[in-house]
Structures are given as C-alpha cells and as structure tokens.
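K.L.:
have a look at this fold, sequence not included:
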C-alpha cells in the first residue's frame with residue numbers, strides 16, 4: 001500500500017454555525033457541502049469535515065501549514081480574538097525548521113499553525 005495524502009479530518013463541533021464562521025474567517029477556508037451530509041472546509045487536497053455533536057467531550061489535535069510569516073499569523077489570530085495556547089516556538093521537525101503557534105477553536109480542538117522555513 002502506498003499512502004501519500006490525507007483525504008479528510010473529522011472535527012467534532014458543538015455549534016456548527018460558530019465553527020463554520022471560525023474556520024472561514026480565521027483561516028479563510030471555503031465552506032462546502034460534503035457527500036456524507038456534513039459541512040466541510042476545502043483545503044485543496046483534503047477536507048476538514050465538521051461533525052456536529054451535542055457536546056464535544058473529546059477534542060482533537062491537528063496541524064496546519066501556513067504560508068504567512070509567524071508575526072503576521074500571530075497578529076491575525078489576535079485580531080480575531082483566538083485563544084493562543086502556546087506562543088510561537090521554533091523547533092526542528094522531521095529535518096525541517098518550523099515556527100509553530102498553538103491555538104484552540106471554539107470547541108477546544110487544538111490546532112498547531114506552522115510556518116516552515
């Protein structure tokens with residue numbers, strides 16, 4: 001088997017409209033209807049699948065890659081009043097230098113936004 005990409009990630013959300021607004025406004029993602037009936041965000045090669053639940057008991061964690069500089073990313077997040085969990089940190093991941101900031105979405109799903117150098 002030769003797996004090379006992720007098709008989708010399912011994100012549990014308690015308020016679909018709040019989450020759709022968050023992912024559209026903060027990350028500038030296009031919201032689409034998915035074949036399974038859920039709403040999703042189109043990320044060109046994959047989708048974020050927003051699955052509405054009464055209560056999000058088990059938030060998930062995932063990482064995103066941004067093409068912006070970290071100073072601009074942080075300023076953008078502050079402008080949108082996004083909860084920043086970890087301030088920008090430089091590290092090496094799988095032979096690449098990365099600058100990461102960790103945030104929470106409205107359901108406390110943990111998102112690491114990465115600027116690769």
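P.N.:
That came through fine. None of the values given here were measured: they were computed from a predicted structure.

K.L.:
tell me where this protein has strands.
P.N.:
Assigned strands in the chain, in chain order: 8-13, 30-33, 39-42, 47-52, 61-65, 83-93, 96-104, 110-116 (criterion: DSSP state E).

K.L.:
strand partners (parallel or antiparallel) of the fifth one?
P.N.:
Its sheet considered, strand 61-65 pairs with strand 110-116 (parallel) by DSSP bridges.

K.L.:
give the buried residues for stretch 11-27.
P.N.:
Neighbour-count burial for stretch 11-27 flags 11, 12, 13, 19, 20, 22, 23, 26, 27 (criterion: 16 or more other CB atoms under 10 Å). The C-beta positions use only the backbone N, C-alpha and C, and glycine is treated the same way.

K.L.:
just give the nearest non-adjacent residue to the third one, would you?
P.N.:
It stands for residue 13. Distances taken as CB to CB, 6 or more residues apart in numbering put residue 19 closest to residue 13, at 3.9 Å, once the chain neighbours are dropped.

K.L.:
that older thread, which among the buried residues of stretch 11-27 gets closest to residue 76?
P.N.:
residue 26 (7.6 Å; CB to CB).

K.L.:
what's the nearest residue to that closest one if we skip its chain neighbours?
P.N.:
residue 80 (5.1 Å).

K.L.:
the one you found: neighbour count?
P.N.:
11 (other CB atoms under 10 Å).
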